[in-house]
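Peer 1: need the 3D shape of this:
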Amino acid sequence: MPDTLFEAKDNGAVASVEVGERFRLRLEENPTTGYKWSKPDFDTACLQLLSDEYKPHQGAAIGGGGVREFEFAPTGPCRTTIRLTNRRPWETNVAPAATFEMTIVARR
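Peer 2: Sure, this is the predicted structure:
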């Protein structure tokens, strides 16, 4: 189980994690409206994406939202920025509904 959890409130933050320490990023998502978080953009020499999973809120009705959880592990001491956008994939000429960006510093 990952040791550290980051959420929307961490947008713009710089966070330190230990090499070997898995961490999660959890963001609200409602794919039934077409809005989904993009695949994370980051330096793959620094981090490994272990999982990308959507979880509906418990008891949510049809059309209700949930959370997108990404799990990462640093591959060694490094620094990278994780970037995501929340948008409808077919709306290519429209600004994203939301963006998320945070810098991870992995240390021993």
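
Peer 1: and the spatially most central residue of the chain, how far from Ala98?
Peer 2: Closest to where the C-alpha atoms of the chain average out (C-alpha atoms, centre = their mean) is Leu25, at 4.4 Å. Per C-beta to C-beta, to the nearest Å, Leu25 is found 13 Å from Ala98. Every residue, glycine included, has its C-beta placed from N, CA and C.

Peer 1: can you give me how far stretch 87-96 is from the chain middle?
Peer 2: The chain centroid and the centroid of stretch 87-96 are separated by 18 Å under C-alpha atoms, centre = their mean, to the nearest Å.

Peer 1: and that stretch, what's buried?
Peer 2: Neighbour counts over stretch 87-96 (16 or more other C-beta atoms under 10 Å) mark Arg87 as buried.

Peer 1: ok, stretch 62-80 next?
Peer 2: Neighbour-count burial for stretch 62-80 [16+ other C-beta under 10 Å]: 65-74, 80.

Peer 1: which strand residues bridge the spatially closest residue to Ser38 that is not a sequence neighbour?
Peer 2: With C-beta to C-beta, 6 or more residues apart in numbering as the criterion, Ser38 has its nearest non-adjacent residue at 4.8 Å, and that residue is Thr85. On the basis of DSSP bridges, Thr85 is bridged to Thr99.

Peer 1: in this structure Thr85 contacts Trp37, no?
Peer 2: Yes. Here Thr85 reaches Trp37: they are 7.4 Å apart, a contact under C-beta atoms under 8 Å.

Peer 1: show me what contacts the nearest residue to Val94 once chain neighbours are set aside?
Peer 2: Leaving out its chain neighbours, the residue that sits closest to Val94 by C-beta to C-beta, 6+ apart is Arg87, at 7.0 Å. By C-beta atoms under 8 Å, 6 or more residues apart in numbering, Arg87 lies in contact with 35-36, 38, 94, 96-97.
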